[in-house]
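Participant: here are the coordinates; sequence isn't available:
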Ligand SMILES: [Zn+2]
């Protein structure tokens, strides 16, 4: 037994709550999906491998080094933790990474299509920086290298034939990007299904939103 020290109890609880949220929203299936938070001292705390995200408890979490070596926890981290470390390496400001398989997002990731981009304030605000990574076997070194290469500055990462990774300066921001992406993909699907065309926000509206974004993300 190698339990997580009490200093990290709050982080373990936070991950547990968001794990339950992502399961209850139907964004993960079986043992899919994972969440991590960056801790001080080049450590990360993450969900364990081979478990439903709907059943996790704080004591199931795992603390690893930035090299992926386990330090604390009674379980083992997912092999997909390598992709989280790649995100943190590329983006020093990232504090949380969330990986999910939301159905509407996957319906775009599993085809060669993309959702509409500029229909709503939420999409422009949270999904502005997106990149697309081709399919590479989950948990592989090749995938983490590809993510490290592509995701600098891109906080929404669409993984072809796999799912979604989002990151943020807090777990709340990472989660809001996941929710905003799934919602935008769902609305895009409905519009396409109806054979309709979206009305995009105007250039002026986009510019004023860009200013709002800049003041929010460049906050002290
Ligand atoms: Zn996955």
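Facilitator: Alright, I've got the coordinates. All of these numbers come straight from a predicted model, not from anything done at the bench.

Participant: Show me where the protein dips below the pLDDT cut-off.
Facilitator: 219-220 (pLDDT under 70).

Participant: Next, count neighbours for residue 134.
Facilitator: 11 (other Cβ atoms under 10 Å). In short, each C-beta sits where N, CA and C put it, glycine included.

Participant: swap that for residue 198, please
Facilitator: Taking other Cβ under 10 Å as the criterion, the count of residues near residue 198 is 15.

Participant: how about the helices of this structure, start to end?
Facilitator: 9-24, 81-90, 103-109, 121-126, 141-150, 171-193, 203-217 (DSSP state H).

Participant: Residue 161: which of those helices is closest?
Facilitator: Proximity to residue 161 (Cβ to Cβ) singles out helix 103-109 among the helices of the chain, at 6.6 Å.

Participant: residues of stretch 202-214 that come out buried?
Facilitator: residue 209 (16 or more other Cβ atoms under 10 Å).

Participant: quick one: buried residues of stretch 98-109?
Facilitator: Residues 98, 99, 100, 101, 102, 104, 105, 106, 108, 109 are the ones in stretch 98-109 that count as buried (16+ other Cβ under 10 Å).

Participant: Now for the residues you listed: which two are most distant?
Facilitator: 98 and 108 (17.7 Å).

Participant: re earlier: ok, of the buried residues of stretch 98-109, which one's closest to residue 77?
Facilitator: For the buried residues of stretch 98-109, the closest approach to residue 77 (Cβ to Cβ) belongs to residue 99, at 12.4 Å.

Participant: Give the full set of residues in contact with that closest one.
Facilitator: Neighbouring residues of residue 99 by Cβ atoms under 8 Å, 6 or more residues apart in numbering: 33, 34, 35, 80, 83, 84, 163, 164, 165.

Participant: circling back to that earlier point, wait, which of the buried residues of stretch 98-109 is closest to residue 70?
Facilitator: Out of the buried residues of stretch 98-109, the member with the shortest distance to residue 70 (by Cβ to Cβ) is residue 99, at 18.6 Å.

Participant: Any idea what the closest one is bridged to?
Facilitator: residue 34, residue 165 (DSSP bridges).

Participant: Residue 159 contacts residue 108, correct?
Facilitator: No. Residue 159 lies out of contact with residue 108 (Cβ atoms under 8 Å); the separation is 11.2 Å.

Participant: Stretch 36-45: how far from the chain's middle?
Facilitator: 16 Å (Cα atoms, centre = their mean, to the nearest Å).

Participant: Likewise for stretch 85-94?
Facilitator: The chain centroid and the centroid of stretch 85-94 are separated by 12 Å under Cα atoms, centre = their mean.
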